[in-house]
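J.: Fold the following, please.
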Amino acid sequence: MLAPSLLAVALCLELAPDEFDAERAATIEREQAKESAAINEKYGNKKSTELSREERSAMIRDQQAAEKKVLDKYGVSQKEWARAQMNRTRDQAAQVREADKALEAKEKAAEKAKAEKGGPKEIVIQKGISDDNPVVLEERESATPVVEHGLPKDFESDQAAATESDSAEKAAEAPAPRATGKGGKK
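T.: Numbering: from 1, shown residues only. Below you'll find the model as predicted:
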């Protein structure tokens, strides 16, 4: 009599859907990590020893609430999640790590596609000495660099202005010449 009941239990466990397949577990863990990082940032990314007793307890409450929010989003109780993590084999843990890497790659690809979808970015131009001689801060990667030979167009006028201002400053700074008196040394 005991054998049929054990067989029934084993059959039920065998047929039960795997609630925490690797991809779902990795998704839950990633979201929990993001929530935890947001809470740590809220408290200044300080170590728990650097926080006061009240701040530490508030931080723990916030982390528990965030974890519960993520688990509720996926319809998982905290008890089920803890049991699933505790009973995870090494092979299952490796599958979860692989699924996590795949999710990370998907997120990066989505961010890259979103950035490229925005179209060509506006090129910011900082004006140099004059409007004829602008300085480009950013260019597209596929653009070839422009190399100018010789001196800029406004070089001569800038050089003349600089020379005039330098000579005026030197004249102002130079000591006055000595006055020669009629009664010199004898």
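J.: tell me the pLDDT at residue 116?
T.: You'll see residue 116 listed with a pLDDT of 77.
J.: Distance of it relative to residue 109?
T.: Distance of residue 116 to residue 109, computed by Cβ to Cβ, to the nearest Å: 11 Å. Where you see a C-beta, it was placed from the backbone N, CA and C, and this is true even at glycine.
J.: again, but for residue 22
T.: 19 Å.
J.: The two: which has the busier surroundings?
T.: residue 22 (20 against 10; other Cβ atoms under 10 Å).
J.: In contact with residue 78, which residues are there?
T.: Shown in contact with residue 78 (Cβ atoms under 8 Å, 6 or more residues apart in numbering): 67-68, 71.
J.: would you list these in TSV and tack on pLDDT and distance to residue 178?
T.: What follows is those, written out as TSV (pLDDT from 0 to 100; distance: Cβ to Cβ, whole Å):
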residue	pLDDT	distance to residue 178
67	93	88
68	94	91
71	93	93
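J.: residues near the residue lying closest to residue 73 once chain neighbours are set aside, how many?
T.: Excluding the flanking residues, the one nearest residue 73 by Cβ to Cβ, 6 or more residues apart in numbering is residue 31, at 7.5 Å. Using other Cβ under 10 Å, residue 31 is surrounded by 17 other residues.
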